[in-house]
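> Here is the input, now give the coordinates:
(one chain, ligands or ions: 1)
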Amino acid sequence: MFQHTAIRILRPAFLLIFFLSSCSSPATPSPIPTETEPPTSSPLPTETALPTDTPAPVPTAAPALARPQYVIDLRLNYSTHAASVTQTITYPNWSGETLNDLVLAVQPNFWQGGFAVRSLLIENQPVSTYTLDGQKWTISLLQPLPPGGTLTLVMEYDLILPRMQAYANPDEVRPQIYGYSDRQTNLVDWYPFIVPYKPGEGWILHNAWFYGEHLVYDPADFDVTVTFTDGTTPQVASSGAEVPAPTANSRRFVLEAGRTFAFSISTVFKVAQQTVGNVTVFSYFFAFYDAPGEAMLQTTIEALQVYSQRFGPYPHKTLTAVQGDFNDGMEFSAFYFISRDYFNLYDGTPKNYLVIIAAHETAHQWWFDSVADDQALEPWLDEALCTYSERIYYESVHPDMVSWWWGYRYFEFEEPGFVDTPIYDGGGQRPYWDKVYLTGARFLEELRARIGDETFFAFLKDYYTQYAGKRATGADFFRVLREHTAADLTDLMTKYFKNTY
Ligand SMILES: [Zn+2]
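Below you'll find the model as predicted:
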């Protein structure tokens, strides 16, 4: 994510939840076997599948599955902001351990009354042995799931969407993305998902925090159908590629090997789109914002081309950028938001936050969606790289603006700190950004100067190639780096990092 302005307080209900839940312990580096296995055939349609009129079959237990599969039938009343959902998760156990329970993250349960389970079946057996405590849904398994086994969960639940908070002073609250405004409904982290399991340690579900992101994701395949039960026919911005839907008032989207599936829905969206190579880029924006909406599209296309060349291929068939009706930018799989405020400030040139953040959020498709990390404990692995990717975008597309970018980005810089700071130790929103984003970008600039452009970019490409579809740690980052250089980095490590790698 990136938000320019400071945050000082949170809405009280959210605070209470933070204090009631407990934080997971830090995890040690260990690639999960799921992500190292070669993909096998999937019952879900692919992003490039030929359109058919047949809904996807409900997956059955298939131990050969490379990753979890989510088939979600969302029935949304756009007018009343209520939804009922039927969701099937097919979960292969690649942990190497016998699992006696499952842990799912349920972000809509942060809002009191926002999430209600109607039924849960595991292997067609009704299950009531679970606890739902804040965001954590722990389901005890009647039969342990052995290594290599596969479970199918079918759940039905209701969502009541919260109204996105409209505070008098938007600088003083954490921006709320999930929910609805007068002109937009955003479904982000809106369905229960099984969190990653780390062998020897357990399930990874960290506390939410006042700033930064706390969720960690396994890659999964998604097949999501949204049906509008009130007859509304809005525009639907989505992770994933659209395939023919089962009914006239439905829309259906598929995403392969994504981290998280997002929707933004509006009856007043305008859309611009362009296909570059085999990727179609969409830009959704509100009326009267055609110029910044077009700039968001073009910047995304330019950044997509720069990063594909510098880091490696973009893994999805679509990339959707959306004007968020809130004060924030935020990344999801094949999808991102840019704040309405940057649309308002757009001045028709590349020297503004609309272009900076479009380049930043596009980079998250490499550093977050493809190469994932533990966003709570090692947020620098995606945020420092995405901030530095802004610099790579400008030097490639607007080379005369690189020095402007450094100065503009550091305008509010307060104090340096260690790059490898968890969100919980950030010391406030602005100091957190300064440590993780901006000092992180400074580190990468110094590293690049030390080892040279050729080695630096060969390293980034190799790091991306080795960890695409997996979750990397700081130790992984430096292991790959040291495969590319024998340079003495001791002074840089001491200056920028609290931990030794
Ligand atoms: Zn970011």
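> Can you say which helix or strand has the residue nearest to residue 499 when sequence neighbours are not counted in it?
For residue 499, ignoring the flanking residues on the chain, the nearest one in space by CB to CB, 6 or more residues apart in numbering is residue 420 at 5.4 Å. No exception for glycine: its C-beta is placed from N, CA and C like everyone else's. Under the criterion of DSSP states H and E, residue 420 resides outside all helices and strands.
> residues near residue 420, how many?
Residue crowding around residue 420 was assessed by other CB atoms under 10 Å; the count is 23.
> From here on, call the first residue 123.
New numbering, starting at 123: the last item is residue 542.
> Assign a three-state SS to residue 511, would you?
With DSSP: H, G, I helix; E, B strand; the rest coil as the basis, residue 511 sits in helix.
> residue contacts, it?
Listed by CB atoms under 8 Å, 6 or more residues apart in numbering, the contact partners of residue 511 are 425, 429, 481-482, 484-485, 488-489.
> so the residue nearest to residue 621 touches residue 499, yeah?
No - judged on CB atoms under 8 Å, residue 542 makes no contact with residue 499 at a distance of 9.0 Å.
> Which residues outside stretch 334-343 are in contact with it?
Contact with stretch 334-343 is made by 123, 154, 156-157, 164, 166, 189-192, 227, 229, 311, 315-318, 326-330, 376-382, 494, 496-498, 501, 545, 548, 554, 558, 591, 593, as judged by CB under 8 Å, 6+ apart.
> Residue 383: what secondary structure?
Secondary structure state of residue 383, per three-state DSSP, is coil.
> Test my guess that it contacts residue 363.
No - look at residue 383 against residue 363 with CB under 8 Å: they stay out of range, at 11.8 Å.
> Overlap in contacts, the two.
Common neighbours of residue 383 and residue 363 (criterion: CB under 8 Å, 6+ apart): 375, 377.
> The two: who's more crowded?
Legend: neighbour count by other CB under 10 Å for residue 383 and residue 363, higher for residue 383 (28 against 21).
> and the gap between that one and residue 544?
Distance check for residue 383 against residue 544: by CB to CB, to the nearest Å, it reads 26 Å.
> how much space between residue 476 and the ion?
Distance of residue 476 to the ion, computed by CB to the ion, to the nearest Å: 15 Å.
> ok but that residue is inside a helix, no?
Yes - checked against three-state DSSP, residue 476 lies within a helix.
> how many neighbours does it have?
27.
> Per-residue confidence at the nearest residue to residue 283 once chain neighbours are set aside, what does it come out as?
Computed as CB to CB, 6+ apart, the closest residue to residue 283 that is not its neighbour in sequence is residue 203, at 4.1 Å. According to the prediction, residue 203 has pLDDT 98.
> Contact partners for residue 203?
With contact taken as CB under 8 Å, 6+ apart, residue 203 is in contact with 282-283, 285, 301-302, 307.
> Also residue 455?
Here residue 455 is in contact with 361-362, 377, 380-384, 438, 487, 491 (criterion: CB under 8 Å, 6+ apart).
> Over to residue 515?
Residue 515 sits next to 421, 424-425, 428-429, 481, 485 when contact means CB under 8 Å, 6+ apart.
> try it again with 7 Å
With contact set as CB atoms under 7 Å, 6 or more residues apart in numbering, residue 515 has these partners: 425, 428, 481.
> List the ones among these that fall in helices.
With helices taken from DSSP state H, the overlap with these comprises 425, 428, 481.
> which one among those gets closest to the ion?
Nearest to the ion among the ones in helices among the contacts of residue 515: residue 481, at 10.7 Å, using CB to the ion.
> Surely that closest one and residue 425 touch.
Yes - between residue 481 and residue 425 there is a contact at 4.7 Å, judged by CB atoms under 7 Å.
> Would you reformat the contacts of residue 511 as JSON lines and include distance to the ion and pLDDT?
As requested, the contacts of residue 511 are exported to JSON lines (distance: CB to the ion, whole Å; pLDDT from 0 to 100):
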{"residue": "425", "distance to the ion": "13", "pLDDT": "98"}
{"residue": "429", "distance to the ion": "14", "pLDDT": "98"}
{"residue": "481", "distance to the ion": "11", "pLDDT": "98"}
{"residue": "482", "distance to the ion": "6", "pLDDT": "98"}
{"residue": "484", "distance to the ion": "10", "pLDDT": "98"}
{"residue": "485", "distance to the ion": "8", "pLDDT": "98"}
{"residue": "488", "distance to the ion": "12", "pLDDT": "98"}
{"residue": "489", "distance to the ion": "8", "pLDDT": "98"}
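> Dump the residues you listed to TSV, plus neighbour count and distance to residue 357.
Formatted as TSV, the contacts of residue 511 follow (neighbours: other CB atoms under 10 Å; distance: CB to CB, whole Å):
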residue	neighbour count	distance to residue 357
425	27	23
429	24	27
481	28	25
482	26	24
484	28	21
485	28	26
488	27	27
489	28	29
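> Could you measure from the residue nearest to residue 621 over to the ion?
With distances taken as CB to the ion, residue 542 is found 16 Å from the ion.
> residues contacting that residue?
By CB under 7 Å, 6+ apart, the contact set of residue 542 is 500, 502, 596, 619-621.
> Helix, strand, or coil at residue 576?
Three-state call for residue 576 (three-state DSSP): helix.
> Return the list of strands paired to the helix or strand harbouring residue 264, each annotated with direction.
Per DSSP H and E: residue 264 is located in strand 258-267. Each strand paired with strand 258-267, and its direction, by DSSP bridges: strand 221-227 (antiparallel), strand 252-255 (antiparallel).
> Deepest in the core, which of those is it.
Most buried of these, by mean neighbour count (mean count of other CB atoms under 10 Å): strand 221-227, with a mean of 19.
> can I get the contacts of residue 511 in JSON lines with distance to residue 245?
Formatted as JSON lines, those follow (distance: CB to CB, whole Å):
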{"residue": "425", "distance to residue 245": "44"}
{"residue": "429", "distance to residue 245": "42"}
{"residue": "481", "distance to residue 245": "46"}
{"residue": "482", "distance to residue 245": "43"}
{"residue": "484", "distance to residue 245": "41"}
{"residue": "485", "distance to residue 245": "41"}
{"residue": "488", "distance to residue 245": "37"}
{"residue": "489", "distance to residue 245": "37"}
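> Between those residues, which sits nearest residue 388?
Lowest distance from residue 388 to the contacts of residue 511 (CB to CB) belongs to residue 484, with 21.4 Å.
> what residues are up against that closest one?
Applying CB under 7 Å, 6+ apart to residue 484 gives the contacts 422, 425-426, 429.
> Ok, residue 609 next?
Going by CB under 7 Å, 6+ apart, residue 609 touches 572-573.
> how about the residues of the stretch 473-622 of the chain near the ion?
Proximity of the stretch 473-622 of the chain to the ion is confined to 505, 508 under the rule CB under 5 Å from the ion.
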